[in-house]
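Visitor: Task: produce atomic coordinates for the following.
(5 chains)
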Amino acid sequence: MFVEFSSVLRATMLGVQLGMTLALVAAGLTLIFGMLDVINFAHGSLYMMGAYLGVTVSAQFGSFWLALLIAPLAVGVIGAVIEVFGLRALYGRNPLYHILLTFGLAVMIQGLVVEIWGGQSLRIEAPASLAGTVQLGPVEYPVYWLFVLAISTLLIAAVWLMIDRSDLGILMRASAHDTEMVDALGIDVSKVFTGVFVFGAVLAGVAGVLLGASRSVNPGMGFGVIIETFVIVVIGGLGSFKGAVYAALAVGLVTAYGALIAPSVTDIFLFAMMAVVLMIRPNGLFGATEAA
Amino acid sequence: MSDPLLRTDSVTKRFGKLTAVSDVSLSIPEGGISSIIGPNGAGKTTLFNLFTGKHAPTEGSIEFRGEEIGGLSPHEIVSRGIVRSYQITNFFSELSALENVRLATQADRTGFGPDDFLRHHASLSDAADEAEAVLERVGLLDVADQTAANLAYGQRRHLEIGIALATDPDLLLMDEPTAGMGPEQTNATVSLIEDIAEDATVVLIEHDMDIVMNVSERIAVMNKGELIARGTPAEISENEAVQRAYLGGE
Amino acid sequence: MSHDPGTSTGSRGSTNRSVSTTSRRRFLVSGAAAGATALAGCAGGGGSDTLTVGHVLPTSGTYALLGESIMNGFDLYLQQNDGQLGGYEVETVQRDTAGETDTGVTITNEFLVQEGVDALVGPVSSAVAIAMMQTVQQESSAIWLNANAGDYRVTQDGCMDLHFRTSFNDWQTSAPLAQWVYENVADNVVLSYADYAFGQNSKNFFQEAFEEAGGEVVGEVAAPLGTDDYSPFLGDIESSGADAAFSFFAGSDAVNYISQLSDFGLDDELTQTGSGFLLSEDTLPAQGEAALGKYSLLHYTATKETDRNQTFVSNYSEEHDRQPNVYACQGYDSAQALDIAASNADSTDASDLASALSGAELDSPRGEFSFDPDTNEPLQSMDVREVVQGDDGVENEVVATIDDIELPDWGCSL
Amino acid sequence: MSELLSVDGIDTYYGESHVLFDVSLSVDAGEVVALVGRNGAGKTTTLRSVMCLTPAAEGTIEMDGEEIQDLDPHDVRQRGISWVPEERRVFGGLTVAENLRLAARGGEEDRTTQIERVYERFPRLDERRDQHAGTMSGGEQQMLAIARALVGPETDLLLLDEPSEGLAPQIVEDVADIIRELNDEGVTVLLVEQNAEMALGLADRAYVIETGEVVHESPATELLNDREAMETYLGVK
Amino acid sequence: MSLLDAFDPRETGSSTDGILSNRGRFGILALIAALAVLGPVASAVRPFWLYLLIQILVFALLALSLDFVFGYAGLLSFGHAAMFGTGGYAAALLITHVTANALVVLPAAVLTGVVVAAFIGWFSVRARGIYFAMLTLAFAQIFYVIAFADLPSTLLGVETVTGGDNGIVGLATLETFGLLDLSNRMNYYFLTLGLVALSLLAIVRLANSPFGRVLQGVRENEDRMAFIGYDVRRYKVIGFAISGGFAGLAGGLYVPFQSLAQPQLLNWTLSGELVVMLLLGGLGTLWGPMLGAGVVVLLEEQLSGFAAWEVILGSVFVVVVIFAPRGIAGALVSLWEDPEDAIGNVRDALANYREKVMK
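Guide: This next block holds a predicted model:
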């Protein structure tokens, strides 16, 4: 099939944007997994809460920017509640039980969303200052989408730097490696867990607000994003932020190009990609390999 | 001299940049006890891992009874008669001692025939009998029904040996079987090893030089992945390179 | 899983049709919905002086709004008639299908076997409707008022005397627009649609009619159900060079499609038209100004200025504090149809009700319509609407009404 | 000398498995105390219980006269107890500097001071600030593990688990020297060793633990010279 | 030989040795007997209950099949819907195009489950733990997409094979050479009950067979199993395939019963729900997950009478996992063993929760 250059360009931009926003969602999932082996089915719900709270805040105050600030913080609070009152009770048990807990939470949150906001699709009003399109070579591209692309890439870069350079990043990497040792060094790891969980929730919340103004906001989006992020986290290697970013980019691009080539089976490409990666590297791209 | 039981020819194993085993050629004749000694990190355990299929050699060949086994999968190597016991206890901690051993005696009695799916495992009575015999041999018959995780340290080490023994090996590779044992236990273990060597070839990795010197017929010394000496206990204790490796720094 | 117009799937790709994961079976013995007089259904309902109605509708998940609107409409009619239809006291039972096929079948079974309902109202989803056909036929114990599911195959494959569409079929919401588009908008179109049964049907019907009218289809773009980002598809639409587009998307797909079409500035280049669900009351608030100037076809429009409709709108708004939508109208008409059937038949027997309703005329808020005696499909006129700026946000304005539409019979002859 | 650590009658379990039976021992300020015994005797578990990593089910543990057995490990560290685990457990993916930074506490200045202080003591680490810990030799990793235990809150009591394990004889000497120096500077040490000769050579007093029970307590030299005890308990001939 | 012995003729009585204690086996036989009586009774009181019971049985069978690999052999399958769904589709296709004879349809469903599971298993056993789980999930989703997009029809160039999103509808009832009228729901109930009981028997038997023991060893210590001579991957693939056969049977029973095969049967949400059933019921106990399946099916039916029923359902999962660490089965066992201490247990659980949360 002949695909025009402009289509490829457009798909590439979408792919990168998708990749970066998905990386925002996946970051928390993979960090939490690295530290706690928690398979968090409720993580998608945090992303969804970001979008819904964004809808409410932006409608209430008429400001997208305020929503972008407040909603993720509120999602962070929700994340804290989930970690402290839910997950924490399960630490030390077979991590499989986290599935039951977080699955239950995801079902609960979905129910609550329908109760509070109803079942119909909503949308966050994008700021007027970002309305319109710009001409990028052969492609006319919405300013807001460029904004999402830029801001999510910046955020990911900032998180990358933070994990790579800052004390907090050192702590996070060390905790992913050996939590007990971190605890014995005098650091309250349960606070680290909460912190990282909240951090992941905030990032997911940011993604929710950002995408909530370019896509519809609906009660299915929580479960909708979860499989995709699982795929990302697994391809990247559980616990590896770096891996998650690369994998998210790959998933974003495959999704976008798949829509050009064979839309109805794009998901097959995704899953096949994951299967191939795991068959070559059974612990994902950057996953810890078992010591010999 | 008859053909050796196990022969390596220039075996090398690299992990990335690290060369764990470098150009090792040695042969182990059938029967008796051979020991491999060397400081920590000398590559002894890696060599065992190459023999048992945990790793494939990067270069070189490993022959067992004249047949290449380098790179075969672990179960294929076990079926040829090579088995190892571990330095760290590595068993089925939730199962009983008997069940631990029985899994091993069962191995060559089960396959994928209809019977293996349909009958009760306990009906493999000869496997169970044999497992009991093994437990008796390693001195654990009276704790046969205890969960492995609850066994005392010395018992665990003997169970570890028992599991390996239960596969009825021709060549038994034992990684520090007496580590951490008291003198009585050590003596019991040494006699067990000598007993095993009656009808199988044993290769020991051992730190306790007394044991090595007493039981071994042949000793190979490794340092930094290389084979630096081979010989009888008497030859080895005289060897200067060995002295250096043990006393000299890194 | 096919969802009808108005349904929306939340998320991208085909990984997650299901909105609510845990809803294989739902079971809801409810009191009547707000304001209704009917009491909870219980075992042994359906005696000779009561008429038991079973709502096979979603009340949770993304389809909740549709299911609830249908029930609200139904209850409004019931309330206006003192809880009676055709002189019978009405008992309603309702179960939540969550829009899932499997659950729909289970509930249908339950209603027919257990509750002994005299009438089924629902479902929302065509997949559920198609899956229900066999059970309804087998039991033959209730009349089926199909209050939303529009797949023509219910008539083509089922052709059941018990089945009455109080709503529409997918031919009606697409084909009749073709002539109008050809005459008023453009002689060439690109077709874009959600790639599932309903979208495919709508596309095919429109294409057939458009080509028959003399127009040319210059491109075709199928996006998976639940697509979040349409930009790869928008490129194909743009490069088709068409002057107009006809689309079938619904729910969150419609929101995403319309707003992204506008984000990318494509609506400057072509005129967007579509089936009514592309631009309906449940999507317009989220679509906002992106929807302006786009045309769609539907059998009911809340802003339609007929007395019958204005009365309905004010009654409904009073009761539910919001404007009725097309689903509410379909629910309302389902009650009305049952009223007519029961009073004409003077019986609660399913086949009596069905023969009494065959060919009957309804004075609906959408306008008068009758059931085609051959297919029990509604013979109704369709409104072409344009999205305009209203007092509170954007709204549909009827710009044309297409009357005397001849429906295909799909080989069904009752 | 004043009693710094007092372990009184603790019983510890791993899940169902009972590992320590009524273990009591004490460490006075300024001492080096060796805890020796065979593999699996319960030495490591004793340290883990002191650190509250595997909390004791029964009995009390006092540090400076205050009970600590119900604390969390990070609180135990705040009380001045520092743990150098078996197999060192340095963070292999982190650089030397990052390993130390993680353990350091207080404001930027305090932390820098703490870290520079250990760099002075371990010039070898200073040279390797930016090297990933996982790529260093065993001896260097051991140094890093000890250094890491010394930054952060003031270390009054150092728990050392098998510091000689897997090290070449010469390196073992180096480690022993470090322990001696630290003790001279006032750090109290509770040393768990498989290598009894090394441990007893360093220690003032020694406890022997066997299958979860303390079976012997004496000055270190006394035990070292008691050939029979050495052979019975430790298999040293 | 008594019926009890049929389960396990040479039970040694050691707790680590058998998958079910004698009491457990007796309990299960009693339950099956009770279900045999309950069917007709339920049907007499409320005909729909029979329908519900059949659904519960089918999902209990599915949960059982998953627990055999997930709980017993430690293979975390997140893709069991694939075998259930393909078994169901196989049944639907046979009924539509070939025959509705149960003696053909059900074995074909089993076979489909086995083949699909062997295929998925062969690829997936290379990875372990959660990676294995994600691979099974990925393959299952591929089957879902294939059914939803009706890829076979594109490949074969026919109008429809899987029926796309609508699925295959209007299936005829199973028949059995006229021996048993399966359009009669009571007969279908007994057929299902019988097959579920037989499957349970077979799986308990398998669990206690030499093969089952090897699987247990693999769960405990996969590497060591290889080093005492077992071809671990092969055992895992075969174990997975066997489990898939039972899942396929569940699909083959369910689809003709609902007279509907649709893509949702293959979706990950069903797999996820199954895992929830296992954890809720009690992993690795075989009977616990079956109970869990019943509880989930019933909860979904009953709870939705409340307005915010999803919130309630989710809360039930959360509360169970926090306060009943070993699932419903664990709670029942401890209640059975020490009924007097039930309140004490609750108090302990609460105290434990408080301590962990406050920490």
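Visitor: switch to C-alpha atoms for all contacts and neighbour counts from now on
Guide: Fine.
Visitor: what residue ranges in chain B score low on pLDDT?
Guide: B:1-2, B:245-250 (pLDDT under 70).
Visitor: Kindly report the domain assignment for it.
Guide: Per automatic domain parsing, the domain ranges recorded for chain B read B:1-88+B:171-250, B:89-166.
Visitor: just chain D next, same as before
Guide: D:3-80+D:154-234, D:90-152.
Visitor: Pipe those into a markdown table and attach distance to chain A per row.
Guide: Formatted as a markdown table, the domains of chain D follow (distance: least, Cα to the nearest Cα, whole Å):
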| stretch | distance to chain A |
| --- | --- |
| domain D:3-80+D:154-234 | 4 |
| domain D:90-152 | 6 |
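Visitor: show me the contacts for residue 108.
Guide: Let's take chain A. Applying Cα atoms under 8 Å, 6 or more residues apart in numbering or on different chains to A:M108 gives the contacts E:E310, E:V311, E:I312, E:L313, E:G314, E:S315.
Visitor: close enough to count as contact, the third one and E:L299?
Guide: What it means is E:I312. No: the pair E:I312 and E:L299 does not pass the contact test of Cα atoms under 8 Å, sitting 9.5 Å apart.
Visitor: who has more neighbours, these two?
Guide: E:I312 (21 against 18; other Cα atoms under 10 Å in any protein chain shown).
Visitor: pull the CA atoms of whichever strand or helix holds that one into CSV?
Guide: Using DSSP states H and E, the secondary-structure element containing E:I312 is helix E:309-323. Taking Å, rounded to 0.1, in the frame of the first residue of the first chain, the C-alpha atoms of helix E:309-323 are listed here in CSV:
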residue,chain,number,x,y,z
TRP,E,309,-22.9,-2.1,42.7
GLU,E,310,-19.5,-2.0,41.1
VAL,E,311,-18.2,-0.1,44.0
ILE,E,312,-19.5,-2.8,46.3
LEU,E,313,-18.1,-5.6,44.2
GLY,E,314,-14.7,-3.9,44.2
SER,E,315,-14.9,-3.4,47.9
VAL,E,316,-15.6,-7.1,48.5
PHE,E,317,-12.4,-8.0,46.6
VAL,E,318,-10.4,-5.5,48.6
VAL,E,319,-11.8,-6.5,51.9
VAL,E,320,-11.3,-10.2,51.2
VAL,E,321,-7.7,-9.8,50.1
ILE,E,322,-6.8,-7.7,53.1
PHE,E,323,-8.6,-9.6,55.8
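Visitor: other SSEs contacting it?
Guide: Using 3 or more Cα pairs under 8 Å, 6 or more residues apart in numbering or on different chains; DSSP states H and E, the elements in contact with helix E:309-323 are helix A:96-117, helix E:268-281, helix E:287-303, helix E:327-337, helix E:342-358.
Visitor: Quickly check: the fourth one near chain A or not.
Guide: No: contact of helix E:327-337 with chain A is not found when judged by Cα under 8 Å from any Cα of the partner chain; the minimum separation is 9.5 Å.
Visitor: Please point out which parts of that helix sit buried.
Guide: E:G327, E:I328, E:A329, E:G330, E:A331, E:L332 (16 or more other Cα atoms under 10 Å in any protein chain shown).
Visitor: Among these, which one sits closest to chain D?
Guide: Relative to chain D, the closest of the buried residues of helix E:327-337 is E:G330; by Cα to the nearest Cα it sits at 17.2 Å.
Visitor: excluding its backbone neighbours, what's nearest the closest one?
Guide: The shortest distance from E:G330 to any non-neighbouring residue, by Cα to Cα, 6 or more residues apart in numbering or on different chains, is to E:G282 (6.3 Å).
Visitor: Can you find which helix in chain E contains the most residues?
Guide: Counting residues, the longest helix found in chain E (DSSP state H) is helix E:232-258.
Visitor: Can you confirm whether it lies near chain C?
Guide: Yes: Helix E:232-258 is in contact with chain C by Cα under 8 Å from any Cα, via E:Q258.
Visitor: Okay, buried residues for that helix please.
Guide: Buried-residue list, helix E:232-258, by 16+ other Cα under 10 Å: E:232-233, E:235-258.
Visitor: quick one: average pLDDT of it?
Guide: Across helix E:232-258, pLDDT averages out at 96.
Visitor: and it with chain A, contact?
Guide: No: Helix E:232-258 does not reach chain A (Cα under 8 Å from any Cα); its nearest approach is 13.8 Å.
Visitor: Show me what that helix packs onto, helices and strands only.
Guide: helix C:101-109, helix E:47-67, helix E:80-97, helix E:102-124, helix E:210-220, helix E:222-227.
Visitor: element containing whatever residue of chain B ends up closest to chain D, please.
Guide: Closest residue of chain B to chain D, Cα to the nearest Cα: B:G180 (4.2 Å). For B:G180, there is no helix or strand it lies in under DSSP H and E.
Visitor: That one contacts D:V36, doesn't it?
Guide: No: counting by Cα under 8 Å, B:G180 does not reach D:V36; the two are 11.3 Å apart.
Visitor: List the buried residues in stretch B:3-23.
Guide: Those would be B:4-8, B:10-13, B:19-23, for stretch B:3-23 by 16+ other Cα under 10 Å.
Visitor: just stretch D:92-108 next, same as before
Guide: Applying 16+ other Cα under 10 Å to stretch D:92-108 flags D:92-105 as buried.
Visitor: would you turn the residues you listed into CSV with pLDDT, secondary structure and distance to B:R156?
Guide: Formatted as CSV, the buried residues of stretch D:92-108 follow (pLDDT from 0 to 100; DSSP: H, G, I helix; E, B strand; the rest coil; distance: Cα to Cα, whole Å):
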residue, pLDDT, secondary structure, distance to B:R156
D:G92, 89, coil, 31
D:G93, 87, coil, 34
D:L94, 92, coil, 36
D:T95, 94, strand, 38
D:V96, 95, helix, 38
D:A97, 94, helix, 41
D:E98, 94, helix, 39
D:N99, 95, helix, 36
D:L100, 95, helix, 38
D:R101, 94, helix, 40
D:L102, 94, helix, 38
D:A103, 93, helix, 37
D:A104, 93, coil, 40
D:R105, 90, coil, 42
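Visitor: Return the member of those residues nearest to C:H320.
Guide: D:L102 (60.0 Å; Cα to Cα).
Visitor: Now do the contacts for the closest one.
Guide: By Cα under 8 Å, 6+ apart, the residues touching D:L102 are A:D167, A:I170, A:L171.
Visitor: Which helix or strand contains C:V313?
Guide: Per DSSP H and E, C:V313 falls inside helix C:307-320.
Visitor: who's in contact with that helix?
Guide: Outside helix C:307-320, the residues touching it (Cα under 8 Å, 6+ apart) are C:35, C:72-73, C:76, C:302, C:304, C:322-324, C:364-367.
Visitor: which of these has the weakest pLDDT?
Guide: Among these, C:G35 has the lowest pLDDT, at 30.
Visitor: Can you report how many residues lie near the residue lying closest to D:E154 once chain neighbours are set aside?
Guide: Spatial nearest neighbour of D:E154, chain neighbours left out: D:G80 (5.7 Å); criterion: Cα to Cα, 6+ apart. The number of residues packed near D:G80 is 19, by other Cα under 10 Å.
Visitor: For D:G80, give me its contacts.
Guide: Contacts for D:G80 (Cα under 8 Å, 6+ apart) come out as D:P153, D:E154, D:T155, D:D156, D:L157.
Visitor: in chain B, which spans are helices?
Guide: Secondary structure of chain B by DSSP H: the helices cover B:44-51, B:74-80, B:97-106, B:114-118, B:125-137, B:153-166, B:183-196, B:209-215, B:233-238, B:240-247.
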